[in-house]
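Novice: Structure for the following, please:
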Amino acid sequence: MRIGSYELKNRILLAPMAGITDQPFRRLCAHYGAGLTFSEMMSTNPQVWHTEKSKLRLAHSEELGLNAVQIAGSDPLEMAQAAAINVAYGAEIIDINMGCPAKKVNRKLAGSALLQFPDLVEEILKEVVNAVDVPVTLKIRTGWDKANRNCVQIGKIAEQSGIQALTIHGRTKECLFEGEAEYDNIRAVKQSISIPVIANGDIDSASKAKKVLEYTGADAIMIGRAALGNPWLFQAVEALVEHDTIIQTPSLREKCGHILRHIQELHQFYGEQKGYRIARKHVAWYLQGIQPDSVFRQTFNAINEPKEQLIVLEDFLNSILDKEKC
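Specialist: Numbers count the residues shown, from 1 in each chain. As a prediction, this is how the structure comes out:
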């Protein structure tokens, strides 16, 4: 799998997710086999480029591999300027978001709202591609609504505009994240263009990843929500997709160790005033896959001190490990 001049280590990518794919989470997913990870979505509003929040979103480290940054906006010149600034900061791939269905994004005519205006899509893509000397990729949905699935048209515009890879989420903007993703339109796009196509949407297991790749003919798959609390999913997907082997999930002890380290890294990355709050949602996701416990979750969410969070979490995880021995 290539994006421009870059050869990826595999065909399994981590989706950019606002409020989730920060440096600590990307590092963990890369450790378990994600071939490429993307930053959280960056606004192209110049007023926020130098804020602390933006600096954290742009944080990168060598063990993550390629530095891929996603941007979102609707003004072509502003998008081009934002892309150039991110490249100056170290971005090696620029990804354009035209797939986010969130109301606060769509109200600004960004994200999937842009799919209603193919001419504007083309203008944005050309401006961004011409503004930087790194590969530019695009993430879209199949269309604005079920009556207007125009992903094949957008895919052709993307290819003609110099986009190096296209990710398609198998839902329309109208669908949000409801119902099941469909892959017929991803398959149609792949058959219509020659640039790499990445399939996204409801890929939550190694077997599903393989089926989606085979059905769509896509060059790669992208995993999003299924990775929440389950970063080891990438290991299983890589084994089946790239090596046609089935591997066992990491042991409970290994998972618990990574959970603790992840929470500790969140504290260090965000600082004491913010880290403990970010940690709460990740612990909730981890517990869903290990041992759902609403009482512990309430107790954990009431803690406002990072060190206490770690102590309480470690005690809880040790109690789970002790039960496993019995």
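
Novice: Name the helix or strand for the nearest residue to Leu317 once chain neighbours are set aside, please.
Specialist: Closest residue to Leu317 apart from its sequence neighbours, by Cβ to Cβ, 6 or more residues apart in numbering: Cys256 at 4.2 Å. Quick note: C-beta positions are derived from backbone N, CA and C, even for glycine. Here Cys256 sits within helix 252-270, counting by DSSP states H and E.

Novice: Convert that helix to PDB, retaining C-alpha atoms only.
Specialist: What follows is helix 252-270 as a C-alpha-only set of coordinates in PDB (Å, rounded to 0.1, in the frame of the first residue of the first chain):
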ATOM      1  CA  LEU A 252      -5.500 -10.300  30.100                       C
ATOM      2  CA  ARG A 253      -2.300  -9.400  32.000                       C
ATOM      3  CA  GLU A 254      -0.800  -7.800  28.800                       C
ATOM      4  CA  LYS A 255      -4.000  -5.800  28.200                       C
ATOM      5  CA  CYS A 256      -4.000  -4.600  31.800                       C
ATOM      6  CA  GLY A 257      -0.400  -3.500  31.600                       C
ATOM      7  CA  HIS A 258      -1.100  -1.500  28.500                       C
ATOM      8  CA  ILE A 259      -4.200   0.000  30.000                       C
ATOM      9  CA  LEU A 260      -2.300   1.300  33.000                       C
ATOM     10  CA  ARG A 261       0.500   2.700  30.800                       C
ATOM     11  CA  HIS A 262      -2.000   4.400  28.500                       C
ATOM     12  CA  ILE A 263      -3.700   6.100  31.300                       C
ATOM     13  CA  GLN A 264      -0.300   7.200  32.800                       C
ATOM     14  CA  GLU A 265       0.700   8.600  29.400                       C
ATOM     15  CA  LEU A 266      -2.600  10.500  29.100                       C
ATOM     16  CA  HIS A 267      -1.800  12.200  32.500                       C
ATOM     17  CA  GLN A 268       1.700  13.100  31.300                       C
ATOM     18  CA  PHE A 269       0.600  14.200  27.900                       C
ATOM     19  CA  TYR A 270      -2.300  16.500  28.900                       C
END
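
Novice: show me the contacts for Ala15.
Specialist: 21, 38, 167, 200, 222-224, 227 (Cβ atoms under 8 Å, 6 or more residues apart in numbering).

Novice: Return the residues in contact with the residue nearest to Leu317.
Specialist: Cys256 neighbours (Cβ under 8 Å, 6+ apart): 290, 317-318, 320-321.

Novice: wait, doesn't Gly19 sit right on Glu40?
Specialist: Yes. Using Cβ atoms under 8 Å, Gly19 and Glu40 qualify as a contacting pair, with a distance of 6.8 Å.

Novice: Those two - which one has more neighbours?
Specialist: Glu40 (21 against 10; other Cβ atoms under 10 Å).

Novice: surely that one meets Gln23?
Specialist: No. The criterion here is Cβ under 8 Å, and Glu40 misses it with Gln23 at 9.8 Å.

Novice: Below-threshold pLDDT in the protein: ranges please.
Specialist: Within the chain, the segments meeting pLDDT under 70 span 45-63, 326.

Novice: now the helices for it?
Specialist: Counting by DSSP state H, the chain has helices at residues 23-31, 52-58, 76-88, 103-106, 118-131, 151-161, 184-192, 206-216, 233-243, 252-270, 272-290, 294-301, 306-325.

Novice: Save the ones you listed as CSV, and put in distance to Arg2 too.
Specialist: What follows is the helices of the chain, written out as CSV (distance: least, Cβ to Cβ, whole Å):
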stretch, distance to Arg2
helix 23-31, 18
helix 52-58, 24
helix 76-88, 19
helix 103-106, 30
helix 118-131, 17
helix 151-161, 15
helix 184-192, 16
helix 206-216, 16
helix 233-243, 15
helix 252-270, 30
helix 272-290, 32
helix 294-301, 43
helix 306-325, 40
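
Novice: that older thread, just the buried positions in the helix holding Cys256, please.
Specialist: 255-256, 258-259, 262-267, 269-270 (16 or more other Cβ atoms under 10 Å).
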